[in-house]
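In: Have a look; sequence and predicted model below, questions after that.
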Amino acid sequence: MNIKVNLKSIGKKKQSVKPVIYTINDNPHTVRELILAVVETGVREYNERMESPDILSYLTKEKIEEKAQTGKVNFGINYGEKKAQISKAKENALQCFEDGIYRIFLNERALEDLEEEIDITEESVFTFVRLTMLAGRMW
């Protein structure tokens, strides 16, 4: 099944959120199943990039400027030898959702509970938002 996920390009000065298509194995019926399916797809793609990096990758002037805004200019190759483990990534993703580290929106409705039932159609758009704590005092 294909789902649309809104992704923001890192380091862009302008708001540049674009829908990206994720191919997941099953049709998730709960928030928990959605998270597990998206994590599995992400980890699988990450591990595949590690196994066969794009050797012909080069940086244009525009790409260098774009990456400089994020604070790191690189070729996008992971030089580490460790692959991501799907089981640990799934466990971490579920714990982070429960702890409020990120929120998920289906179209414009916030998904609150892991066992919440969801109905996904071709027009459904998911947005994952990572929440960050602001420095300073509360009072």
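Out: On my side now, so go ahead. Numbers count the residues shown, from 1 in each chain.
In: what about the strands in the protein?
Out: 2-8, 17-23, 102-106, 109-111, 125-130 (DSSP state E).
In: Low-confidence bits of the protein, can you list those?
Out: 9-15, 53-59, 74-81, 136-139 (pLDDT under 70).
In: was I right about Asn27 contacting Met1?
Out: Yes - with contact defined as C-beta atoms under 8 Å, Asn27 counts as touching Met1 (5.1 Å). Where you see a C-beta, it was placed from the backbone N, CA and C, and this is true even at glycine.
In: Distance from stretch 126-135 to the middle of the chain?
Out: 12 Å (C-alpha atoms, centre = their mean, to the nearest Å).
In: Could you do stretch 119-138 as well?
Out: The answer for stretch 119-138 is 11 Å, by C-alpha atoms, centre = their mean.
In: what comes into contact with that stretch?
Out: Residues from elsewhere that reach stretch 119-138 (C-beta atoms under 8 Å, 6 or more residues apart in numbering): 1, 3-6, 19, 27-28, 34, 38, 100-107.
In: Now list the buried members of those residues.
Out: Ile3, Lys4, Val5, Pro28, Leu34, Val38, Ile104, Leu106 (16 or more other C-beta atoms under 10 Å).
In: got CSV for these, with distance to Thr127 too?
Out: Output for the buried ones among the contacts of stretch 119-138, formatted as CSV (distance: C-beta to C-beta, whole Å):
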residue, distance to Thr127
Ile3, 11
Lys4, 10
Val5, 7
Pro28, 16
Leu34, 12
Val38, 12
Ile104, 7
Leu106, 8
